[in-house]
Each structure stands twice: as structure tokens, then as C-alpha cells.
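S.K.: structure for this input, please:
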Amino acid sequence: MAETLPPHLRHLRAQSPERTLAADQQPVDLEPLPPSSTALGGRFSRRSFLSGLGATSVLASAAPLAAAEPAVAPAADEATDAAGTATVTLRINGKEYTLRGLDTRATLLDTLRERIHLTGTKKGCDHGQCGACTVHVNGRRVNSCLSFAVMHEGDEITTIEGIGQPDNLHAMQAAFVEHDGYQCGYCTSGQIMSAVALLKEPIGQTDEDIKHAMAGNICRCGAYTNILAAVKRVRAQA
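M.R.: From the prediction side, this is the model:
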């Protein structure tokens, strides 16, 4: 009888009747691979077998995961702030600003300048030593470089832009112009903010009292005499 099996499947011929199976074994009928699925010109290679086995394993393991994955992720009801950020509403010069995604480490100074673009408040030493960043919080002068913006929700914040405008100067601004209380001008906004707050503080009338009250504001140009004259002028008119 002619051999009907191809050479690479001859080892799958039926076993002799004398061979018996153990109790835990069962016969398996294997179908020969079609010629198109064999590799290397009809020869079945170990590489093709392992490749097919690997692909089958990947598909079998991926099926449960694909079934468990929801088709569409549920959308959040509303956007939430990322870690380390917050949504804060600040009231500045009588206007409210809602800031989303504000870094909780951001100082009031940097927030005023970089997020709200009120650049009249100057960044000098950034360590609370020069007074160039002075603003008013609830009527009291504060070094904005030493205060976190997130601390001031609900507070009334006033910057140099809220004191007066070119066509409607505050009395202290006008006195600084009259007495030449500035030179380079970098410290001027902080000097004026401190001087305006000083008008409501229990400060003595002597020059030394005023100098002591203004000691937190440094003028590197040395215009202290003119600044003192401007403050005295406004206090005398108050």
C-alpha cells in the first residue's frame, strides 16, 4: 500500500494495536497542516511552531483583559485641580480674579505679577528685606513675597494700581512727585504703599518715628530725605 502521509507527518501514523494507553491518557487525532501554513518549502520548522504558539498565547491572555476594559471611560462631572494646585478667588483692587490650577506654593507677589499681570508691585530681594513688593491686605501692609496666594481668598488686596491713576493721583503719589521721592523708581511703589498704610498707623510725629516706620523699605538710590519730606507733607495735610 502506497504511503499516503507526507514525510514530515509520518510520525503521526496510528500506533500499533499492541500499545495501550494509561488510565490518565487519551488518544488525540491531529489534522495535518495545509501546505500554505508550513515554512521552508513545505517543511515544518521549530521556529514556525514556536511563533504560532506564542501568538496563540498572547491572544488567549489578552481576551480577558479586553473583556474587562470598559468601552468608554466615564467622564468626570467637572475638572479637578491637579495635585499641588488649587482654584482660588482673589479680590484685588475691588475686582475678583478666579485663578484655576494655581500652584499652592505660589507667592502673592508672583501671582500678582505673572497670573494677574499687575506688575506695579516689584520683585526685589524676594526675601522680605527690601519692601519693594509691599501691598495692602485688609488695610495692612504686607510683604507679598513672603505670603502664599492661597492664604488670601476672601481678603481685600490693594496694589499700587489701586491707589491712584495718572489722572487721579493719591495724595502720597503726588507728594512723591512734588518732593522727588524717587530716583530709579524701582522701590517707589513699595515705598508709597508703606507710606499710605503709615497714615492709619499709630506713628509718632517726629522724623525718627517716620524713619523707623519706613525702615522696612530700602531705597538703594538713597532718596530717603525726599521720601521723608513727602510723607511729612501728606501727614500734615491729613
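S.K.: what sits up against stretch 133-149?
M.R.: 88, 90, 99, 102, 104-112, 121-128, 131, 152, 155-160, 189-191, 193-194, 196-197, 200, 216-217 (CB atoms under 8 Å, 6 or more residues apart in numbering). In this view, the C-beta of every residue, glycine as well, is placed from N, C-alpha and C.
S.K.: got the CA coordinates for it in PDB?
M.R.: Once non-C-alpha atoms are left out, stretch 133-149 reads as follows in PDB (Å, rounded to 0.1, in the frame of the first residue of the first chain):
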ATOM      1  CA  CYS A 133       6.800  94.100  47.000                       C
ATOM      2  CA  THR A 134       4.600  95.800  49.600                       C
ATOM      3  CA  VAL A 135       0.900  95.600  49.200                       C
ATOM      4  CA  HIS A 136      -2.100  96.100  51.500                       C
ATOM      5  CA  VAL A 137      -4.100  93.100  52.800                       C
ATOM      6  CA  ASN A 138      -7.200  94.200  54.600                       C
ATOM      7  CA  GLY A 139      -5.700  97.700  55.000                       C
ATOM      8  CA  ARG A 140      -2.400  96.500  56.500                       C
ATOM      9  CA  ARG A 141       0.900  96.500  54.600                       C
ATOM     10  CA  VAL A 142       2.300  93.100  53.800                       C
ATOM     11  CA  ASN A 143       5.400  91.800  52.000                       C
ATOM     12  CA  SER A 144       3.800  89.900  49.200                       C
ATOM     13  CA  CYS A 145       6.900  87.800  48.600                       C
ATOM     14  CA  LEU A 146       6.500  86.200  52.000                       C
ATOM     15  CA  SER A 147       2.900  85.300  51.700                       C
ATOM     16  CA  PHE A 148       1.200  82.400  49.700                       C
ATOM     17  CA  ALA A 149      -1.600  83.500  47.400                       C
END
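S.K.: show me what counts as buried in that stretch.
M.R.: Residues of stretch 133-149 classed as buried: 133-137, 141-145, 147-149 (neighbour count, 16 or more other CB atoms under 10 Å).
S.K.: what of stretch 211-222?
M.R.: So for stretch 211-222, counting by 16+ other CB under 10 Å, buried means 213-214, 217-219.
S.K.: same deal with stretch 163-178?
M.R.: Going by 16+ other CB under 10 Å, stretch 163-178 has these buried residues: 163-164, 170-173, 175-176.
S.K.: and the contacts of that stretch?
M.R.: Contacts for stretch 163-178 (CB under 8 Å, 6+ apart): 181-182, 188, 191-193, 195-196, 199, 227, 230-231, 233-234, 237.
S.K.: nearest to Asp209, of these?
M.R.: Closest approach to Asp209 among the contacts of stretch 163-178 (CB to CB): Val231, at 10.4 Å.
S.K.: packing partners of the helix or strand containing that closest one?
M.R.: Taking DSSP states H and E as the criterion, Val231 maps to helix 224-237. The elements that helix 224-237 packs onto, with contact taken as 3 or more CB pairs under 8 Å, 6 or more residues apart in numbering; DSSP states H and E, are helix 171-178, helix 188-198, helix 207-213.
S.K.: thanks again, I'm all set now.
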